[in-house]
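sequence-free structure coming up:
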Ligand code: KIV
Ligand code: ZN
């Protein structure tokens, strides 16, 4: 934490941490169980969804999007059971701007302590023309009708303007204004196709903040897809420009190239105090939550995945290892403990140096002086050229072969 020390006079020093300086809260809307579960082959049964939902609640997410109740009886059942179970987070069900969808979602959410209906419709020219064969005015009519109808069941209504990323900003502002009047509490601005550049997405949020009448009555939400690898950058551009909710998934899983990764946006806000933004997430649970989702879905986390990948805190080149052994901060901008990783790893490969070898040998109880280390290092390189990685079990053999 950044420590601010305010000297008022020589005898009186006030100290406080940046977290007490009124950072703005960004709500975390987790859609692992809805958009995340749309990954082919990763369907979960209700039991697994309940385990994940309970973990998300413990993690501190503000909203759990539990499913799309009208899509199947199984999904309805999952949303209903999650609604009964969850104590803190709002539980949300997705619908199209269709009466029956909304009725079914309301029914599935009836046990939730804090129910939210997430309804919406496509607003880009291509969605209006090809999906709905409709006009802009008719789309606004349907959007307003859906929000007003959902409002007869629950208070908390989130509206999504699907493909907002490719929707003309002036029309998008008209849609937003109309649905706020109809009772929407949250406005989701999805970059459904993952097309926007961060500047463009940020400017869209800014435009809405500045041009939608009544915008203060609603929260703007970022829902970014990762088709060009920009989901995280776009979500951060969104909150920098005034959005106060990010929709994301554990490990960034989701339709096609995935959604914004929860662990990335949470840690970006935490590691950059100048953004003056924070979340309610208990970051120490991030790593375990990532593993839980990965194992439940049978979907491995890529080793180089930011924050939670197996190599996120592993150092294998000699130059880096030497620095990290001297001081972790030379090559790490996060403390692994802060995200629930037990420690940084010093990986032994043919690219490693003497410092790493001495460090790992010491960890298995072998102390080497300088001369011994020089000899063992030569033996180590022979082994390391033959195998990808040297394990703890190999170290005594390497030392023995050095004949010291
Ligand atoms: O990507 C998207 O537009 C969505 C909406 C249904 C919210 O997932
Ligand atoms: Zn989506």
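Structure's in. What do you need? Fair warning: this is a prediction, and the values are worked out from it, not measured in the lab. Numbering: from 1, shown residues only. Ligands and ions are numbered 1, 2, ... in the order given.

what's the burial count for the residue nearest to residue 192 when sequence neighbours are not counted?
Distance criterion CB to CB, 6 or more residues apart in numbering; nearest residue to residue 192, sequence neighbours excluded, is residue 163 at 4.6 Å. Heads up, the C-betas are built off the backbone N, CA and C, glycines and all. Residues near residue 163, counting by other CB atoms under 10 Å, number 21.

which ones are touching residue 163?
If you count contacts by CB atoms under 8 Å, 6 or more residues apart in numbering, residue 163 has them with 122-124, 126-127, 190, 192-193.

of all those, which comes closest to residue 43?
Comparing the contacts of residue 163 against residue 43 with CB to CB places residue 192 closest, at 21.4 Å.

any stretches of the stretch 101-250 of the chain with poor pLDDT?
Nowhere does the stretch 101-250 of the chain drop to pLDDT under 70.

hmm, back to that, now the contacts of residue 163 in CSV, with distance to residue 276, neighbour count and secondary structure?
As requested, the contacts of residue 163 are exported to CSV (distance: CB to CB, whole Å; neighbours: other CB atoms under 10 Å; DSSP: H, G, I helix; E, B strand; the rest coil):
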residue, distance to residue 276, neighbour count, secondary structure
122, 34, 25, strand
123, 31, 26, coil
124, 32, 22, coil
126, 37, 12, helix
127, 35, 20, helix
190, 25, 24, strand
192, 29, 22, coil
193, 31, 16, coil
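
which members of those are the farthest-apart pair?
Farthest pair in these (CB to CB) is 126 and 190. Separation: 14.1 Å.

what residues are up against residue 297?
Residue 297 neighbours (CB under 8 Å, 6+ apart): 36-37, 39, 42, 44, 253.

hmm, 6 Å instead?
With contact set as CB atoms under 6 Å, 6 or more residues apart in numbering, residue 297 has these partners: residue 42.

can you pull the phi/psi pair for it?
When read as degrees, to the nearest 10, the backbone of residue 297 gives phi -90, psi -10.

centre-most residue in the chain?
residue 262 (0.9 Å; CA atoms, centre = their mean).

what's that one in contact with, if anything?
For residue 262, the contacting residues are 248, 250, by CB under 6 Å, 6+ apart.

look up how far residue 317 lies from it.
Here the distance between residue 262 and residue 317 works out to 30 Å (CB to CB, to the nearest Å).

repeat for residue 343
Between residue 343 and residue 317 the computed distance is 18 Å (CB to CB).

these two: who's more crowded?
Taking other CB under 10 Å, residue 343 and residue 317 do not tie; residue 317 has more neighbours (15 against 10).

next, count neighbours for the nearest residue to the more buried one once chain neighbours are set aside.
Excluding its sequence neighbours, the residue lying closest to residue 317 (CB to CB, 6+ apart) is residue 351, at 4.9 Å. The number of residues packed near residue 351 is 14, by other CB under 10 Å.

of the contacts of residue 163, which are in range of ligand 1?
When contact is defined as CB under 6 Å from any ligand atom, the contacts of residue 163 meet ligand 1 at 190, 192.
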